[in-house]
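Trainee: quick one, fold the following:
(one chain, ligands or ions: 1)
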Amino acid sequence: MTVTSLKQKSPFVTDLPIDPDKLPKHIAIIMDGNRRWARLRGLPETKGHQAGAKNLENVVNYCRDIGVKHLTVYALSTENWRKRSVEEVRGIFGLFIDIFNKWRKDYRTSGIKFFVLGNFQAFPFKVKTAIKKCSNIVLDNERIRFNVALNYGGRDEIITAIQNIIKDKIPAQDINEELVSKYLYTTGQPDPDLIIRPGGEFRLSNFLLWQMSYAELYFTDILWPDFTPVELEKAIYWYQQRDRRMGK
Ligand code: FPP
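Mentor: Sure, this is the predicted structure:
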């Protein structure tokens, strides 16, 4: 075996000079543009969601491989679920079941710890079961915490936190940022450093409203199925050029 073949292969996919010691600890992504991606190709919208799901797998694996410790994706907002057609939601749920079952099969070797943010109790039984079987499993070899926001809304999350703080009879003087953070779905996880929205819109759509306080925001026209690890690496490079003063 030659010396070169013994060298560890770089996990990075572009020639950008990424600093591996300054990676965002937590990246959050609003996956937008699946249906437009399909329409542009004359395909049914379900194909766009399938392509989005395939891209998601690649992105999670890439984040794990480069050493990002937390990834959160917005997969279905409370509004998406309420306002989209029954057929579309059925298609998305079918996709969730297939993917969650696949992740469950791979979890021992993947190093990916899967976790849901949001209230999925009202989802159909099959979807709930698929989520429960693959989420929150303790891993010896955890390399990345992967949060999927499902039936998630940032305001709902804050309201639920307030309700639980009141139920727990916490005295007013003990309520501070640290305590509120503990009552959120993301309890115990760092706030996102980098929030990415592909798909051409410039809004946050009720995503991680509390947690985004000091996040860097990256917007791009690229549609989610095309937002590959190459594009993500460009976003990480952009992030590394930011001067994060955090109020200083
Ligand atoms: C937004 O694009 C996407 C969604 C509402 C669904 C996201 C779902 C996936 C990527 C499937 C896989 C996810 C998991 C967690 C298994 P859009 O439909 O709003 O697209 P548009 O902006 O072009 O209309």
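Trainee: please identify the helix or strand for Thr72.
Mentor: Using DSSP states H and E, Thr72 maps to strand 70-77.
Trainee: residues in contact with Ile162?
Mentor: Residues near Ile162 by C-beta atoms under 8 Å, 6 or more residues apart in numbering: none. C-beta here means a position set from N, CA and C on the backbone, and glycine is covered the same way.
Trainee: tell me how far it lies from the ligand.
Mentor: 27 Å (C-beta to the nearest ligand atom, to the nearest Å).
Trainee: one more: Arg41?
Mentor: Taking C-beta to the nearest ligand atom, one finds Arg41 at 12 Å from the ligand.
Trainee: which residues does that residue contact?
Mentor: Contacts of Arg41 by C-beta under 8 Å, 6+ apart are Lys47.
Trainee: Cys63: which element?
Mentor: Going by DSSP H and E, Cys63 is in helix 45-66.
Trainee: and that helix, which residues are buried?
Mentor: 45-53, 55-56, 59-66 (16 or more other C-beta atoms under 10 Å).
Trainee: how about stretch 210-225?
Mentor: 210-212, 215-216, 218-220, 222-225.
Trainee: what residues does the strand holding Thr72 touch?
Mentor: Under the criterion C-beta under 8 Å, 6+ apart, residues 25-31, 56, 59-60, 63, 92, 96, 117-118, 144-153, 186, 189-190, 192, 205-208 lie in contact with strand 70-77.
Trainee: what's the burial count for the spatially closest residue to Gly111 that is not a sequence neighbour?
Mentor: Sequence neighbours aside, Arg143 is the residue nearest to Gly111 in space, at 3.5 Å (criterion: C-beta to C-beta, 6 or more residues apart in numbering). Using other C-beta atoms under 10 Å, Arg143 is surrounded by 16 other residues.
Trainee: now do the contacts for Arg143.
Mentor: 64, 69, 111-112.
Trainee: measure the closest residue to Met31 other than its chain neighbours to the ligand for me?
Mentor: In space, Met31 comes closest to Trp224 once its chain neighbours are excluded; the distance is 4.4 Å by C-beta to C-beta, 6+ apart. As judged by C-beta to the nearest ligand atom, Trp224 and the ligand stand 6 Å apart.
Trainee: Trp224 touches Trp37, doesn't it?
Mentor: Yes. In terms of C-beta atoms under 8 Å, Trp224 counts as a neighbour of Trp37; the distance is 7.1 Å.
Trainee: so what's the residue nearest to Met31 up against?
Mentor: Going by C-beta under 8 Å, 6+ apart, Trp224 touches 31-34, 37, 52, 55, 198-199.
Trainee: keep only those of those that are also close to the ligand.
Mentor: 31-34, 52, 199 (C-beta under 6 Å from any ligand atom).
Trainee: what about the strands in the protein?
Mentor: For the chain, applying DSSP state E gives strands covering 26-30, 70-77, 112-117, 144-152, 194-197, 216-219.
Trainee: quick check: angle from the helix ranked longest in the chain to strand 70-77?
Mentor: Counting residues, the longest helix found in the chain (DSSP state H) is helix 86-110. In terms of direction (axes from the mean of the first three to the mean of the last three C-alpha atoms, to 10 degrees), helix 86-110 departs from strand 70-77 by 160 degrees.
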